[in-house]
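Q: Starting from these lines, generate the structure:
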Amino acid sequence: MAYTGSMDQGTNIALADAGKIIGGLVAVLGGVAAVANFAALLGGGTLSASPK
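A: Model (predicted):
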């Protein structure tokens, strides 16, 4: 997403950095959830499903 006109280059860079940080946090949280779900699956069920 490109910001042009109303925002200067410094603001664009700050927004890009914030986007990278947010994206990284989302990726980490997704990875943790995937690992937890996999561990639960090995234990006989998933976090989102009822036990067998």
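Q: residue contacts, the spatially most central residue of the chain?
A: In the chain, the residue lying closest to the centroid (C-alpha atoms, centre = their mean) is V26, at 1.2 Å. The contact partners of V26, taken as C-beta atoms under 8 Å, 6 or more residues apart in numbering, number zero. C-beta coordinates here come from the backbone N, C-alpha and C atoms, glycine included.
Q: Relative to A14, how far out is it?
A: Going from V26 to A14 by C-beta to C-beta, to the nearest Å gives 19 Å.
Q: what's the answer for V35, then?
A: Relative to A14, and taking C-beta to C-beta, V35 is found at 32 Å.
Q: G24 too?
A: 16 Å.
Q: Then L25?
A: For L25 relative to A14 (C-beta to C-beta), the value is 17 Å.
Q: just V28 next, same as before
A: Using C-beta to C-beta, which is the criterion applied here, V28 is 21 Å from A14.
Q: what's the average pLDDT for the helix or strand where A16 lies?
A: Here A16, judged by DSSP states H and E, is contained in helix 9-42. Throughout helix 9-42, pLDDT has a mean value of 90.
Q: May I see the buried residues of it?
A: For helix 9-42, a neighbour-count test (16 or more other C-beta atoms under 10 Å) marks nothing as buried.
Q: Dump stretch 10-28 to CSV, keeping only the CA atoms.
A: Extracted C-alpha coordinates of stretch 10-28, given in CSV (Å, rounded to 0.1, in the frame of the first residue of the first chain):
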residue,chain,number,x,y,z
GLY,A,10,9.6,9.8,7.2
THR,A,11,6.0,9.0,7.9
ASN,A,12,6.0,6.4,5.1
ILE,A,13,9.0,4.7,6.6
ALA,A,14,7.5,4.7,10.1
LEU,A,15,4.3,3.2,8.7
ALA,A,16,6.3,0.5,6.8
ASP,A,17,8.3,-0.3,10.0
ALA,A,18,5.1,-0.6,12.1
GLY,A,19,3.7,-2.9,9.4
LYS,A,20,6.7,-5.1,9.6
ILE,A,21,6.5,-5.3,13.4
ILE,A,22,2.8,-6.1,13.4
GLY,A,23,3.3,-8.7,10.6
GLY,A,24,6.1,-10.3,12.6
LEU,A,25,3.9,-10.4,15.8
VAL,A,26,1.0,-12.0,13.8
ALA,A,27,3.4,-14.5,12.4
VAL,A,28,4.8,-15.4,15.8
